[in-house]
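*Asks:* A structural model of the following input is requested.
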Amino acid sequence: MKPYLIDTTLRDGEQAPGVVFSKKEKMKIAVMLHELGVDEVEIGTPAISNDEKIIIKEIAAEGFSYKTSSWCRAHLEEIQEAAKLKTTSINISLPVSDIQIETLGKSRDWVITEVKKTTKYASNYFSHVTVGAQDSTRANIDFLKEFIFYAQENGASRLRISDTVGISSPLEIQQLFLSLNGSFPTMEFEFHGHNDLGMATANAITAYKSGAKCISATVNGLGERAGNSVLEELIAYFIYKENNTSYNSQVISKLCRYVANNSGVRLATNKPLIGKKVHTHESGIHTSAILKNKQSYQFINPSDFGQNNAGFCFGKHSGKASINHFFSEKNLFLDDIRIQQILNLVKEKSTSWKRPLTELDLMQIYQGN
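*Replies:* Purely as a prediction, here's the structure:
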């Protein structure tokens with residue numbers, strides 16, 4: 001089963017505290033998502049403002065390869081306004097956990113009434129309706145199934161299962177989706193995960209493996225609190241583990257950096273796939289092995305994601321192999337004693353400076369030694 005990837009950077013990603021994308025930035029991200037090859041983009045929430053409606057309508061009208069959707073509360077007037085924007089589909093969200101229902105001052109009966117009414121109403125305007133079960137992973141399972149039943153009965157094409165507060169583990173997600181697919185074999189399920197316990201991407205993959213056809217995620221995992229399932233990591237998984245070649249992964253580095261720069265949420269240097277240091281090696285054992293076979297300690301090819309291989313850095317944990325390789329590449333062939341002398345100075349200086357040495361530092365050691 002091929003995964004159906006839904007990007008929600010422009011909606012849930014922008015809900016990260018302090019993040020605002022301009023119209024130009026949203027359009028640029030939309031273009032890169034088209035180049036990347038995602039299946040659907042959730043563009044935004046019409047109720048936010050008239051400007052938001054304009055952006056949603058313009059992106060939806062561009063004719064990108066992916067389908068488009070907007071997110072609404074279970075309000076008839078919001079659904080009606082969303083219909084004017086001509087997105088492919090709509091996502092209507094309702095709470096299903098008792099804690100969130102009670103926080104709204106509502107009841108389970110109210111939720112069931114609303115899902116019947118709004119799903120049926122939306123079906124008059126959209127050929128494809130997604131119903132979002134907010135806080136699914138904290139919901140009573142019998143009530144969640146009742147909610148899904150009435151959503152399906154009233155025209156829902158897809159049901160979004162949301163780990164809204166990021167509380168679940170992969171085993172719990174597996175059990176949930178196996179149960180839901182057993183009860184609703186014809187329903188198209190989507191998983192939407194948050195990363196509060198650091199498991200959003202793992203949960204998304206587990207959901208997919210357990211029968212969820214659709215996964216929603218964001219670039220860089222951008223989103224509320226600790227963020228969402230990470231789009232580029234999911235794509236890397238499908239490329240390397242499922243041999244899926246349908247994505248233009250060369251766009252990923254450019255896309256991730258654009259989102260980081262324009263969201264103000266900086267990328268960690270050890271961020272999987274595109275972090276500044278994730279393709280750099282210092283350890284003597286690792287560098288010696290990599291010189292013989294790159295895949296010994298690095299199965300990811302940086303160029304698959306538009307990245308350069310940073311190679312080696314030189315520091316406290318370096319070995320003679322990386323020092324020798326560095327100078328050999330510059331046609332400087334040193335004997336073992338000289339290599340060891342330089343290595344000793346590298347270890348001493350990197351320990352004192354509390355940083356790896358640059359190539360310039362290494363050449364200065366060579367010239368002064």
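
*Asks:* Which residue ranges make up the domains of this structure?
*Replies:* 4-263, 280-368 (automatic domain parsing).

*Asks:* Grab the nearest non-local neighbour of the residue nearest to the spatial centre of the chain.
*Replies:* Residue closest to the average C-alpha location in the chain (Cα atoms, centre = their mean): V230, at 1.6 Å. With sequence-adjacent residues excluded and distances taken as Cβ to Cβ, 6 or more residues apart in numbering, V230 is closest to G221, at 3.9 Å. For the C-beta atoms, the positions are set from N, CA and C on the backbone; glycine is no exception.

*Asks:* Correct me if wrong: the one you found contacts L234.
*Replies:* No: the pair G221 / L234 is not scored as a contact, 10.1 Å apart, by Cβ atoms under 8 Å.

*Asks:* any residues in contact with both of these two?
*Replies:* Common contact partners of G221 and L234 (Cβ atoms under 8 Å, 6 or more residues apart in numbering): T201.

*Asks:* who has more neighbours, the two?
*Replies:* More crowded of G221 and L234, by other Cβ atoms under 10 Å: G221, with 25 against 21.

*Asks:* G13 versus the more buried one, what's the distance?
*Replies:* Separation of G221 from G13 (Cβ to Cβ, to the nearest Å) stands at 9 Å.

*Asks:* hey, what's in contact with both of those two?
*Replies:* Common neighbours of G221 and G13 (Cβ under 8 Å, 6+ apart) are N228.

*Asks:* what ranges do the strands span in the stretch 101-250 of the chain?
*Replies:* 129-134, 158-163, 188-193, 214-217 (DSSP state E, counting those that start in this stretch).

*Asks:* Low-confidence stretches in this protein?
*Replies:* 278-297, 309-311, 313, 369 (pLDDT under 70).

*Asks:* Now do the contacts for Y208.
*Replies:* Counted by Cβ under 8 Å, 6+ apart, Y208 has contacts P3, F191, I215.

*Asks:* for G227, that is, sorry about that
*Replies:* Applying Cβ under 8 Å, 6+ apart, the residues near G227 are A16, H194, N195, A200, T218, N220, G221.

*Asks:* Mind giving me the PyMOL command for buried ones among the residues you listed?
*Replies:* Buried subset of the contacts of G227, written as a PyMOL selection, criterion 16 or more other Cβ atoms under 10 Å:
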select buried, resi 16+194+195+200+218+220+221
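
*Asks:* Point out the ones among the contacts of G227 that are inside helices.
*Replies:* A200 (DSSP state H).

*Asks:* what about the residue lying closest to S216 once chain neighbours are set aside, which SS state?
*Replies:* Closest residue to S216 apart from its sequence neighbours, by Cβ to Cβ, 6+ apart: I6 at 4.1 Å. Under DSSP: H, G, I helix; E, B strand; the rest coil, I6 falls in the strand class.

*Asks:* picking that back up, and of the contacts of G227, the nearest to Q80?
*Replies:* Using Cβ to Cβ, T218 comes nearest to Q80 of these, at 27.7 Å.

*Asks:* so the closest one touches S229, yeah?
*Replies:* Yes: using Cβ under 8 Å, T218 is in contact with S229, at 7.4 Å.

*Asks:* counting residues per helix, which one in the protein is longest?
*Replies:* Longest helix in the chain, counting by DSSP H: helix 336-353.

*Asks:* Tell me the helix or strand right after it.
*Replies:* Next helix or strand after helix 336-353 toward the C-terminus (DSSP states H and E): helix 359-368.

*Asks:* And that next one, what does it pack against?
*Replies:* Judged by 3 or more Cβ pairs under 8 Å, 6 or more residues apart in numbering; DSSP states H and E, helix 359-368 is in contact with helix 320-329, helix 336-353.

*Asks:* Q100: which of those helices is closest?
*Replies:* Nearest to Q100 among the helices and strands packed on helix 359-368 is helix 336-353; the distance by Cβ to Cβ comes to 51.3 Å.

*Asks:* what comes into contact with the closest one?
*Replies:* Residues from elsewhere that reach helix 336-353 (Cβ under 8 Å, 6+ apart): 314-316, 318-320, 323-324, 327, 334, 356-357, 361-362, 365-366, 369.

*Asks:* Show me just the buried residues among those residues.
*Replies:* 314-316, 318-320, 323-324, 327, 334, 356-357, 361-362, 365-366.

*Asks:* Which residues are in contact with the residue nearest to S216?
*Replies:* Here I6 is in contact with V38, D39, E40, V41, E42, S69, E190, C214, I215, S216, A217 (criterion: Cβ under 8 Å, 6+ apart).

*Asks:* how does it look with 10 Å?
*Replies:* When contacts are counted by Cβ atoms under 10 Å, 6 or more residues apart in numbering, I6 touches 38-42, 66-67, 69, 91, 130, 158, 160, 190-192, 214-218, 231.
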